[in-house]
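Asker: Have a look at this prediction, sequence included:
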Amino acid sequence: MSITILLADDHKILREGIRSLIEKELGFEVVGEAGNGRSAVQMAAQLKPNVVLMDVSMPDMGGIEATREIVENHPDIKVLALTMVKEKRYVVRMLQAGASGYLIKDCAFDEMAGAIRAVVSGGKYLCKEVTGVVIDDFRRIHADDEVPSSRQITAREREVLILLAQGQTTKNIADRLHLSVKTVETHRRKLMEKLKVKSIADLTRWAIREGLIDID
């Protein structure tokens, strides 16, 4: 039985190249392509692939938040980061979100194929470029209980936070999420209390740091 794969990357030419390589590999099948994080979440729910190859930096919803939603809602789906992003904060946030592995895009196809098989089998995979990052920083970041993390907010609060950080007005958020303006204001107030911030600008900086929205 083939390993089914969903590709999530905002560059179509890269998706086409990766798809072409994967489809030549016996036992692999690409079942879909997503151009942004939100589409990746929706397609993962519909297609139920064995693994999602997830870019970290994408429009609309970043790869970190998309990974978090997929893993929370579909724990049997494995997420393998495939990205050019090597910065330690993104590596650690991606793993905290539930990714089973992390690859840099200049890896050889044989390494990617091995990583896919590893995570689908229940293992973990880190390419050599990021292994040192995890060893040096993962324990320290987890141990810092004084820093508010995204685990402290609800799924609905995350939705509101992402839209606020993207510059949406309270009314637009209410319309988009089918909520009342008062409810959105309540979520915003609770977010500020939980995250210990005082402004929308602070919320936006926090969302970027946590990888909930793309830094671009």
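Answerer: Alright, I've got the coordinates. Predicted model, so just to flag it, every value in this text is computed and none were measured. Residues are numbered from 1 along each chain as shown.
Asker: so where's this structure uncertain?
Answerer: 133-151, 214-216 (pLDDT under 70).
Asker: Now do the domain split for this protein, please.
Answerer: Using automatic domain parsing, the domains assigned to the chain come out as 3-140, 150-210.
Asker: where do the helices sit along this structure?
Answerer: 12-23, 37-47, 63-73, 88-97, 109-120, 128-143, 155-165, 170-177, 181-195, 200-210 (DSSP state H).
Asker: Mind checking those helices for the one nearest to residue 3?
Answerer: Residue 3 sits nearest to helix 109-120 of all the helices of the chain, at 5.4 Å, using Cβ to Cβ. Quick note: C-beta positions are derived from backbone N, CA and C, even for glycine.
Asker: Any chance of the domains of the chain in a markdown table with mean neighbour count as columns?
Answerer: Shown next, in a markdown table, are the domains of the chain (neighbours: other Cβ atoms under 10 Å):
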| stretch | mean neighbour count |
| --- | --- |
| domain 3-140 | 19 |
| domain 150-210 | 16 |
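Asker: who wins for proximity to residue 80 among the helices of the chain?
Answerer: Nearest of these (Cβ to Cβ): helix 109-120, 5.3 Å.
Asker: who's in contact with residue 94?
Answerer: Taking Cβ atoms under 8 Å, 6 or more residues apart in numbering, we find residue 94 in contact with 56, 63-64, 67, 81, 102, 211.
Asker: could you check the distance from residue 33 over to residue 11?
Answerer: 11 Å (Cβ to Cβ, to the nearest Å).
Asker: ugh, wrong one, I meant residue 164
Answerer: 28 Å.
Asker: who touches the closest residue to residue 107 other than its chain neighbours in this structure?
Answerer: Using Cβ to Cβ, 6 or more residues apart in numbering and skipping residues adjacent in sequence, the residue nearest residue 107 is residue 127, 5.8 Å away. Applying Cβ under 8 Å, 6+ apart, we find residue 127 in contact with 102-104, 107, 111, 115.
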